[in-house]
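1. Could you look at this predicted model? Sequence included:
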Protein chains: 2
Amino acid sequence: MLRIALFDDNKKFCDSFSVLLEGMEELKLNGIFPDCRDLEQKIRKCQPDVVLMDIEMPGVNGIEATREIRLKFPEVKVLIQTVFEDHDKIFHAICAGANGYLLKSTPPSKIIDAILDVSQGGSPMSPSVARKVLFLLQNYGDAGNKASTVDFKLTAREKEILAWLVSGLSYKLIAEKCGISYETVRTHMKNIYEKLHVASMTEAVAVALQNKLLP
Amino acid sequence: MLRIALFDDNKKFCDSFSVLLEGMEELKLNGIFPDCRDLEQKIRKCQPDVVLMDIEMPGVNGIEATREIRLKFPEVKVLIQTVFEDHDKIFHAICAGANGYLLKSTPPSKIIDAILDVSQGGSPMSPSVARKVLFLLQNYGDAGNKASTVDFKLTAREKEILAWLVSGLSYKLIAEKCGISYETVRTHMKNIYEKLHVASMTEAVAVALQNKLLP
DNA sequence: AAGGGTATCCCTAATTATGGGGATTGTTTC
DNA sequence: GAAACAATCCCCATAATTAGGGATACCCTT
């Protein structure tokens, strides 16, 4: 017999879900909560095997709650159930440790299937979610491995100065580190700005890090 | 009616698959190939809507073939069908552009379902593959957060200001963007500096990016 | 020998950031 | 209701960066 906890601020959905599980032998609804306040206590009290989690709730949102549950109770599975199907929500939910991701449009019988699936270590997803997950994996996987997207053709000296800049040194300190004058650093910086199409130290640092220009 | 092409060097599997599709109205097996030589010609000749692709084959492997098909014929869907379920194969297949990933243990009826699913833009996966896909996405997404386990506990406003800073804005412009005064921005920055243990904009930007503090 | 690129140095002036003090108004928490 | 925190605003003084304009010297290629 599986213990279920439901976090959802939509009373209608909670009611119909409650009716759905009524009389089921394998599943028991151990707790219904409209928000995630005192999350740890709630989980500790009803000891669920599977948590059904909405994303949009007052106070702490479902993604952060998922992260907390998965961290503090690794054996508890979290099944997201939401109306959102944008890449961002899906990505963050999965990074937070969600074990499955269903859309609210999922028919009741499929929800039951998904709960059983997730309790056995599976990862149920609505079809359009699955497609987006593959898309994300494809893109994030590539993005992480890609060394640098653009070649800004910085010289070795410029890269060196940029590296010192990223590590927080001022012009004056960079000059000392490199054994050159303050004015030379300034000239190099001007050239770096041109090559990176930026106009300030912060932008230069941002471009350098975002394009992985430094080793 | 969907046209199917099958790439698999296992004659037994090809035969039984051929029998499976015999007499089906919606699906037509337009080509069976034991390897990927002259891949482009083969695809051009049988014009499939869906390709069923094994991974282990003599010569070019199924993952490379998948990449080529998805590049040259973006409208053709590729459904991997293999005995391999290791993270590496799954990851590379998806990065190569696979639209779905089934294990060879999948029952025939599910294979048919998956073909129909993938042809309509879905992403069918065997359950254990789905679990691994989530695992992969989670790890690639976390990769950045893993670097520093430190939580700097910035407030929402502080994060917002930091985000503008990273995008290159000066205090004055940030003040305008946020609709607050220059002095308030300064106060926030002072607090950010303390929390990040830095003492300049460049360091703040560097710490923010290196620890992926921003969405 | 001329041109292109790199690295080095200099000036003035304006703009911007930093460090040190303050303060008030809310909200949340105990 | 006091304490803690977040967000807002202010002043003074100093330090640092940026935008213009210059310059010389060296190496390499054509």
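-> Structure's in. What do you need?
2. Check the burial of A:Leu2 by counting its neighbours.
-> A:Leu2 has 19 neighbouring residues, counting by other CB atoms under 10 Å in any protein chain shown. C-beta here means a position set from N, CA and C on the backbone, and glycine is covered the same way.
3. ok, now which ones touch A:Val129?
-> A:Glu85, A:Ile90, A:Tyr101, A:Leu102, A:Leu103 (CB atoms under 8 Å, 6 or more residues apart in numbering or on different chains).
4. Am I right that it sits in a strand?
-> No. With DSSP: H, G, I helix; E, B strand; the rest coil as the criterion, A:Val129 is located in helix rather than a strand.
5. Select the helix or strand of chain A having the lowest average pLDDT value.
-> Ranking every helix and strand in chain A by mean pLDDT, DSSP states H and E puts helix A:127-145 at the bottom, with a mean of 74.
6. which element follows it toward the C-terminus?
-> Following helix A:127-145 in sequence order, the next helix or strand is helix A:156-166 (DSSP states H and E).
7. Would you mind listing what in chain A touches DNA strand D?
-> Residues of chain A lying near DNA strand D by CB under 7 Å from any atom of the strand: A:Ser170, A:Tyr171, A:Lys172, A:Arg186, A:Thr187, A:Met189, A:Lys190, A:Tyr193, A:Ala199, A:Ser200, A:Met201.
8. Quick one: the helices in chain A, in order.
-> Here chain A has its helices, by DSSP state H, at A:11-21, A:39-46, A:62-72, A:87-95, A:108-119, A:127-145, A:156-166, A:171-178, A:182-196, A:201-210.
9. With respect to the ones you listed, which exhibits the lowest mean confidence?
-> Per-stretch mean pLDDT for the helices of chain A is lowest at helix A:127-145 (a mean of 74).
10. Chain A - how does it break down into domains?
-> A:2-138, A:145-210 (automatic domain parsing).
11. which of those sits most buried?
-> domain A:2-138 (a mean of 18; mean count of other CB atoms under 10 Å in any protein chain shown).
12. hmm, that one in reach of DNA strand C?
-> No. Figure legend: domain A:2-138 not in contact with DNA strand C (CB under 7 Å from any atom of the strand); closest approach 8.6 Å.
13. can you give me how far that domain is from the chain middle?
-> 16 Å (CA atoms, centre = their mean, to the nearest Å).
14. Kindly report the same for stretch A:177-186.
-> 42 Å.
15. and if you look at stretch A:195-208?
-> 27 Å.
16. right, quick check: that stretch against chain B, any contact?
-> Yes. For stretch A:195-208, a contact with chain B is found by CB under 8 Å from any CB of the partner chain, at A:Val198, A:Ala199, A:Ser200, A:Met201, A:Thr202, A:Glu203, A:Val205, A:Ala206.
17. just checking, the fourth one touches B:Glu203?
-> Same thing as A:Met201. No. Counting by CB atoms under 8 Å, B:Glu203 is not a contact partner of A:Met201; they are 10.1 Å apart.
18. picking up where we left off before, quick check: the two most widely separated of the residues of chain A next to DNA strand D?
-> Within the residues of chain A next to DNA strand D, A:Lys172 and A:Ala199 form the most distant pair, 20.3 Å apart (CB to CB).
19. can you tell me how far the residue nearest in space to the middle of chain A sits from chain B?
-> Among the residues of chain A, the one closest to the centroid is A:His92, at 2.6 Å (CA atoms, centre = their mean). Per CB to the nearest CB, to the nearest Å, A:His92 is found 8 Å from chain B.
20. Which residue, other than its chain neighbours, is closest to that residue?
-> A:Ile63 (5.2 Å; CB to CB, 6 or more residues apart in numbering or on different chains).
21. cool, and A:Leu102?
-> A:Gln81 (4.8 Å).
22. which residues does that neighbour contact?
-> A:Asp8, A:Leu52, A:Met53, A:Asp54, A:Leu102, A:Leu103, A:Lys104, A:Thr106, A:Ile111.
23. So what does the residue lying farthest from the centre of chain A have for phi and psi?
-> When distances are taken from the C-alpha mean of chain A, A:Ser181 lies farthest, 45.0 Å away, according to CA atoms, centre = their mean. A:Ser181 adopts backbone torsions of phi -80, psi 160, taken as degrees, to the nearest 10.
24. That one and A:Tyr171 touch, don't they?
-> No. Shown here, A:Ser181 and A:Tyr171 do not form a contact pair, counting by CB under 8 Å, at 10.1 Å.
25. on that earlier part again, which of the contacts of A:Val129 sits closest to B:Glu75?
-> After measuring the contacts of A:Val129 against B:Glu75 - CB to CB - the closest member comes out as A:Glu85, at 23.3 Å.
26. what pLDDT does the closest one get?
-> Looking at A:Glu85, its pLDDT reads 84.
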